[in-house]
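**Q** 3D model of this:
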Amino acid sequence: MNTTVSIFTLVPEALHESLNNYLETHPDWDQNRVLTAALSLFLLQNGESDRHAARIYLETLFNQC
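**A** This is a model prediction of the structure:
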């Protein structure tokens, strides 16, 4: 069973604008998908070798989430 949680965070306005610009030109992506991919990739690149993070990253890239 895949459980999800909601995260509320503040981001710089410039980053938010960049994200919105990206989403406007990539309709198959949404804010949740981008943030899930970014967070799981960050964890993988920074020493978290958890298979769950790797699986979520790959599923997110290939739109299987």
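**Q** In the helix or strand of the chain with the lowest mean pLDDT, which residues are buried?
**A** Within the chain, no helix or strand scores below helix 51-61, which has a mean of 91 by mean pLDDT, DSSP states H and E. For helix 51-61, burial by neighbour count (16 or more other Cβ atoms under 10 Å) applies to 53, 56, 57, 60. Backbone N, C-alpha and C define where each C-beta goes, glycine included.
**Q** Closest one of those residues to residue 35?
**A** residue 60 (9.4 Å; Cβ to Cβ).
**Q** thinking that closest one is in contact with residue 30, fair?
**A** No - Residue 60 is beyond contact range of residue 30, at 10.9 Å (criterion: Cβ atoms under 8 Å).
**Q** Which strands and helices lie in contact with the least confident helix or strand of the chain?
**A** For helix 51-61, the packing partners by 3 or more Cβ pairs under 8 Å, 6 or more residues apart in numbering; DSSP states H and E come out as helix 31-45.
**Q** tell me the angle of the helix it packs on relative to helix 51-61?
**A** 140 degrees (axes from the mean of the first three to the mean of the last three Cα atoms, to 10 degrees).
**Q** which helices and strands sit right next to helix 31-45?
**A** With 3+ Cβ pairs under 8 Å, 6+ apart as the test, helix 31-45 has helix 13-25, helix 51-61 packed against it.
**Q** Go through these and name the closest to residue 44.
**A** Here helix 51-61 is closest among the helices and strands packed on helix 31-45 (Cβ to Cβ), at 5.5 Å.
**Q** quick one on the thing from earlier: just the CA atoms of the least confident helix or strand of the chain, as PDB, please.
**A** C-alpha atoms of helix 51-61 as PDB (Å, rounded to 0.1, in the frame of the first residue of the first chain):
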ATOM      1  CA  ARG A  51      15.600   1.100  -2.300                       C
ATOM      2  CA  HIS A  52      12.300   2.800  -1.500                       C
ATOM      3  CA  ALA A  53      13.700   6.200  -2.500                       C
ATOM      4  CA  ALA A  54      15.200   4.700  -5.700                       C
ATOM      5  CA  ARG A  55      11.900   2.900  -6.600                       C
ATOM      6  CA  ILE A  56       9.900   6.100  -6.000                       C
ATOM      7  CA  TYR A  57      12.300   8.200  -8.100                       C
ATOM      8  CA  LEU A  58      12.100   5.800 -11.000                       C
ATOM      9  CA  GLU A  59       8.300   5.400 -10.800                       C
ATOM     10  CA  THR A  60       7.900   9.200 -10.700                       C
ATOM     11  CA  LEU A  61      10.100   9.600 -13.800                       C
END
